[in-house]
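S.K.: For reference, the sequence and a predicted model appear below.
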Amino acid sequence: MKRQDDRSVGELLLDADFTTRQLLMDVTGQDAPAMLRTWGEVVQSASELWATLPQPFRGTTSPIDGVTIARLESMSQLMHRDQVRRGWPGDGPGDERLLHVAETFTRAADLIDRRGGHIGPTDPAVRADLDAARMRIMHTLYVGAHSVGVAAGQHVRDVELATTRGKSDRESRAVPRGRDAINRLAAFEQLAGAYVGNQFARAAQGEHVHGPHGTERLQQALIGWDIQAHRTLAATPTPANLLLASRTQAGIATAAAAILHAGARTGHVDPHAYEHRLEPTLDATQQAWTQVATRWAEMTSPASRTDLDLVHAAGEVRAAVRESPTTKPPGPAQTSWPVGSTWAKPPSTSNRPFPPPSTSPA
Amino acid sequence: MMTNDTIGQDAGDTLAEVARLLRHAAVRAWARAEAEGPRSPLHLQGLGIHTAACQAVAMLPAGAEMEGHPPAQDDIAQLLRSAEELTRAIPVLDQTAGISTLVVALCDLVREATP
C-alpha cells in the first residue's frame, strides 16, 4: 500500500528544489534526451501550482509576478512544439527525477486546492509565505532549466566528438536542433534567474539571451575579461581584485597551453614551435601569474570583497574554457583535464547531438 | 563593492560559513594545482570555487563576521558538497537575491569535482 504523503506545501517545494539541485550535481550528457522530453511537464505543473496560489490584492505585489510564469510557460510550450515538429529528441522514456519534480508540484497544487481555498492574502505573514512560495518555484525552474541546458550542451559535445570522423546528413541537421534547444533553455534560465535575482528590468530588455558557443564564446569571454579587468583595476586596484585578476590570467595561460598542445598534436600548430617556444613561455607565464596571485592573497582577509563585475567576467572565461570543443586526452600529461580533455579541432557544426527518434514526428 | 544589509542574521551566518568553506576549498585546489604544475586543470577549478566564494561574500552585509576556525576537511569535493548543503537552509527571498546563482554555481562545481 502506498504511504500517505503528509508533507506541507513548503516541504513539497523544498523537495522539488533539492531534487533539481541533486540532478544538476549528477547530470550527464546521456540524460539529455529524457530530460528534454520531461522538461515541459515540469514547467506546466509549476505554472498550475502558481495559479492555485491565492492571488495577491492589487498593489500588494510586483506586476511581474504573473507575467514571468506566463512567459516561461509559453517558452516551454514553444520548445515542446518545436521538438514534436522536428521529431527530436523523439519518443522515449522521461527523466524520473524531473518527473518527480513535476509530481511534487502537482501534489502541492492539490494540497492548496483542497485546504488552502480559505487563505486570504491580506495578512502580511501570509503574503510573505506566498511570496516565498513563488520564489521557491521560480528558483526550482531556474536550477532545473540550467540542469537540462547542461545535459543538452554536454550531449551535443559528446556526439560531436564521437562523430567527427563520419557525419551523415541527418547528424549534420541534428546539431542545429541541439543548439536551438540550448539557446531556448538559456533564455528560459535567464528569465527565471532575473525573477529570483530581482533583475527583471534587465531581462525584459532582452539583454544577452542567446549566447555564443565554442570558440566564439571563448573569444568573447576573453574580450569581455580584458575590458572588465582594465575597468576594475583602474577604479579599484584592491588586493582582492588583483588576486582574482592574477588567478584568472593564470587560468587563461593554463587553457592556452592546453589548446596549443592539442593544436600541435593535430597539425594546426607547428609542433616544433609549440615545444620549444610556446610551451615554455606559457608555462613560465602561468607560474608568474600564480606567484603574483599568491602575494596578493597574503594581503587579503576573509572579509575582502571583490568587484562583482570582475567576478562575472572571470566566471565567463572559465565557463567558456570548459565549453570549448574537446577531444580525448592525448596522453598521460593531459589525463587530468576535466570534461575529458584538451582542445583539438575547431567546433564542428555538422555533428549529431541526439540519437534518432524512435518514431516519426507527430 | 556590493553589500547586502537586508539579509537576516541566520541566513547571513550560514552564508558566511559557506564562504569560509569555499575559500578553503579554493586554497586547497590551488595548492594541489601548483604541486601538479602550470597545466593542471585544478587551476581553473580553484578559480571557479574562488568566484563562487566572492559571490557569497557579496551577499553579506558590510562588516559581516568572516573569521572562524578553518574547516576540518581538506577534500575539495566534500567541501563543495558541504557548502551546497548549507545553502539549503537559506531562504530564497528578495533579501537573499543572488542565492539561486550561487546554488547553481555550487552544483556545477560539485559535478565537475566528482570523478
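M.R.: Alright, I've got the coordinates.

S.K.: Tell me how many other residues surround A:Ala255.
M.R.: Residues lying near A:Ala255 (other Cβ atoms under 10 Å in any protein chain shown) number 27. (C-beta placed from N, C-alpha, C; glycine too.)

S.K.: Skipping adjacent residues, who's closest to it in space?
M.R.: Distance criterion Cβ to Cβ, 6 or more residues apart in numbering or on different chains; nearest residue to A:Ala255, sequence neighbours excluded, is A:Val321 at 4.5 Å.

S.K.: host element of the one you found?
M.R.: Per DSSP states H and E: A:Val321 is located in helix A:308-323.

S.K.: one step back: contact partners for the residue nearest to A:Ala255?
M.R.: Residues near A:Val321 by Cβ atoms under 8 Å, 6 or more residues apart in numbering or on different chains: A:218, A:221, A:251-252, A:255, B:44.

S.K.: Now, those residues that are in helices?
M.R.: Filtering the contacts of A:Val321 for membership in helices, criterion DSSP state H, returns A:218, A:221, A:251-252, A:255, B:44.

S.K.: Isn't A:Asn36 up against A:Gly149?
M.R.: Actually, residue A:36 is Leu. It isn't Asn. No - the criterion here is Cβ atoms under 8 Å, and A:Leu36 misses it with A:Gly149 at 10.1 Å.

S.K.: Can you pick out the residue with more neighbours from those two?
M.R.: A count of neighbours by other Cβ under 10 Å puts A:Leu36 above the other of A:Leu36 and A:Gly149, at 27 against 23.

S.K.: SS state for the nearest residue to the more buried one once chain neighbours are set aside?
M.R.: With sequence-adjacent residues excluded and distances taken as Cβ to Cβ, 6+ apart, A:Leu36 is closest to A:Pro89, at 5.3 Å. Remark: A:Pro89 carries the secondary structure label coil [criterion: DSSP: H, G, I helix; E, B strand; the rest coil].

S.K.: repeat for A:Pro54
M.R.: A:Pro54 ends up coil, using three-state DSSP.

S.K.: Got phi/psi on it?
M.R.: phi -50, psi 130 (degrees, to the nearest 10).

S.K.: At which residues are the strands of chain B located?
M.R.: Applying DSSP state E to chain B gives no strands.

S.K.: Does the lengthiest helix in it pack against any helices or strands, and if so which?
M.R.: The residue-count maximum for a helix in chain B (DSSP H) belongs to helix B:9-36. Using 3 or more Cβ pairs under 8 Å, 6 or more residues apart in numbering or on different chains; DSSP states H and E, the elements in contact with helix B:9-36 are helix B:42-58, helix B:76-87.

S.K.: Residue 67: what's it in contact with?
M.R.: Since no chain was named, I'll use chain A. So A:Val67 contacts nothing (Cβ under 8 Å, 6+ apart).

S.K.: I was thinking of chain B, sorry if that wasn't clear
M.R.: A:302-303.

S.K.: now swap in B:His50 and tell me
M.R.: A:244, A:247, B:22-23, B:26.

S.K.: hey, where'd the strands end up in chain A?
M.R.: Using DSSP E, strands in chain A do not occur.

S.K.: A:Ala314 is in contact with A:Ile252, correct?
M.R.: No - A:Ile252 is beyond contact range of A:Ala314, at 9.8 Å (criterion: Cβ under 8 Å).

S.K.: who touches both of the two?
M.R.: Going by Cβ under 8 Å, 6+ apart, residues that sit against A:Ile252 and also against A:Ala314 are A:Trp225.

S.K.: Excluding residues flanking it in the chain, which one is nearest residue 107?
M.R.: With no chain named, the answer covers chain A. Closest residue to A:Arg107 apart from its sequence neighbours, by Cβ to Cβ, 6+ apart: A:Leu12 at 5.7 Å.

S.K.: you looked at the wrong chain, it should be chain B
M.R.: Nearest to B:Cys107 is A:Leu24, by Cβ to Cβ, 6+ apart, at 3.9 Å.

S.K.: So that neighbour versus A:Gly92, what's the distance?
M.R.: 22 Å (Cβ to Cβ, to the nearest Å).

S.K.: cool, A:Thr106 as well?
M.R.: A:Thr106 sits 22 Å away from A:Gly92 when distances are taken as Cβ to Cβ.

S.K.: same thing with A:Ala284?
M.R.: 51 Å.

S.K.: can you list the weak-confidence ranges in the stretch 1-150 of chain A?
M.R.: A:1-2, A:56-65, A:116-121 (pLDDT under 70).
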